[in-house]
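J.: Could you look at this predicted model? Sequence included:
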Amino acid sequence: MKIVKFAMIALCAISASAFAGDKKATDTTPAEDLKTYQDYFFKRFSGVPLQEYANGVYAINEASRENWEAIEEFPPYEPMIEEGEGMWNQPFANGATYGSCFGDDPAQRKNYPYWDAARKMVMTLPLAINECRTANGEKPLKYKKGAMANLLAYMSYESRGQKINVAIPDADALAAYNAGKSVYFARRGQLNFNCASCHMESSGQYIRSEQLSPALGHATNWPVYRSKWGELGTLHRRFAGCMKQMRAKPYKTQGEEFRNLEYFLTHMSSDIEYNGPSARK
């Protein structure tokens, strides 16, 4: 346990160096990071299988899990999946559909995020959806909720069971990955927190009545219907919310920083199955 803990402290320190522009940040590879990251949680929550981490806090809290499983029998996001399916099948004004951009298969989660070598940027599924729309003369959708979340819910539902396999194919992709790692571990805001403060170091502990979920698997279950929202929200909406809770100014939704963060965080959940959309407190 101490070895793993010290390794994670080293990973945090390396990531902080990356934020400051220190080339030593590249001393650890994505594969080494992945092993250290996953081993940390396997030690912290002994006996929890890898695939269970797709269920968030319900992977470690049996009492809450029973209530959650009851909710999932008649999920509150079911109407949103149906609305998203309608969007997928509805032609644009020019007669094209989302299928003209993605092929006829809406089960696209396994393909995103990915490194677009031609444009030297991380491409996410929401960004690809809006590029599809604008290419066909349609207005882009807002990224945090609403129609975008509904379409993502349908595409994610169709993608259930696909395993995360995010490649880091070249030096430019590695730079984006390391930038995302820096966003994850850099302390910010009036509380001087980072993402790991709650979801690694304090995972499993409580803030008032809310138990903090393990970071492992965080990229798998989006979009999420949160009871406190009363609606579906996207992963980047949650990124922004977390930064506000740190009393820090969030980055732009689907901006470079959040896309790089998604790239890093999704790689850290490698081999876990996508299971979105999902319901959370």
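T.: Arrived safely, thanks for sending. Quick caveat, the model's predicted, so the values are computed rather than measured. Numbers count the residues shown, from 1 in each chain.

J.: and K142, what helix or strand is that in?
T.: Secondary structure assignment for K142, by DSSP states H and E: no helix or strand.

J.: so it makes contact with M148?
T.: Yes - using Cβ atoms under 8 Å, K142 makes contact with M148 at a distance of 6.2 Å. Every residue, glycine included, has its C-beta placed from N, CA and C.

J.: More neighbours: which of these two?
T.: Higher neighbour count among K142 and M148: M148, with 27 against 15, using other Cβ atoms under 10 Å.

J.: Name the helix or strand for that one, please.
T.: Using DSSP H and E, the element containing M148 is helix 147-158.

J.: If you average the pLDDT over the following helix or strand past that helix, what comes out?
T.: Counting by DSSP H and E, the next helix or strand C-terminal to helix 147-158 is helix 171-185. Mean per-residue pLDDT for helix 171-185: 97.

J.: For the helix or strand just after helix 171-185, which helices and strands make contact with it?
T.: Next along the chain after helix 171-185, taking DSSP H and E as the criterion, comes helix 195-196. Helix 195-196 is packed against helix 171-185, with contacts defined by 3 or more Cβ pairs under 8 Å, 6 or more residues apart in numbering; DSSP states H and E.

J.: List the buried residues in the helix it packs on.
T.: A173, A175, A176, Y177, N178, A179, G180, K181, S182, V183, Y184, F185 (16 or more other Cβ atoms under 10 Å).

J.: Please apply the same query to stretch 266-277.
T.: If you call a residue buried by 16+ other Cβ under 10 Å, then stretch 266-277 has these buried ones: T266, H267, M268, S269, S270, I272, E273, Y274, N275, G276, P277.

J.: Go ahead and measure how far it is from the middle of the chain.
T.: Between the centre of stretch 266-277 and the centre of its host chain there is 8 Å, according to Cα atoms, centre = their mean, to the nearest Å.

J.: now the end-to-end length of that stretch.
T.: One end of stretch 266-277 sits 16 Å from the other (Cα to Cα, to the nearest Å).

J.: just the buried residues of helix 171-185 now: which is nearest R208?
T.: Y184 (24.3 Å; Cβ to Cβ).

J.: Give me the contacts around the helix holding M148.
T.: 77, 80-85, 87-88, 98, 105-109, 125-126, 129-130, 141-142, 222-223, 231-234, 274, 276-277 (Cβ atoms under 8 Å, 6 or more residues apart in numbering).

J.: measure stretch 67-81 end to end?
T.: The straight-line separation of the ends of stretch 67-81 (Cα to Cα) is 22 Å.

J.: What about A63, how many residues nearby?
T.: 9.

J.: quick one: what helix or strand has it in it?
T.: Using DSSP H and E, A63 maps to helix 62-73.

J.: What of N260?
T.: Using DSSP H and E, N260 falls within helix 256-267.

J.: Name the next helix or strand downstream of that helix, please.
T.: strand 278-280.

J.: any idea how far that next one is from the chain center?
T.: Between the centre of strand 278-280 and the centre of its host chain there is 14 Å, according to Cα atoms, centre = their mean.

J.: when you give positions from now on, start the count at 44
T.: Noted, 44 is the first residue going forward, which turns the last one into strand 321-323.

J.: List the residues that contact the one residue sitting closest to the centre of the chain.
T.: A centroid search over the chain (Cα atoms, centre = their mean) returns A262, at 3.0 Å, as the residue closest to the centre. By Cβ under 8 Å, 6+ apart, the residues touching A262 are I207, L278, E305, L308, T309, M311, S312.

J.: Pick the one among those closest to K324.
T.: Distance to K324, by Cβ to Cβ, is smallest for L278 among those, at 16.7 Å.

J.: Next, give phi and psi for the nearest residue to A160 once chain neighbours are set aside.
T.: Closest residue in space to A160, ignoring its immediate chain neighbours: D213 at 6.5 Å, by Cβ to Cβ, 6 or more residues apart in numbering. Main-chain dihedrals, D213, degrees, to the nearest 10: phi -150, psi -180.

J.: just L275 next, same as before
T.: Torsion angles, degrees, to the nearest 10, at L275: phi -80, psi 150.
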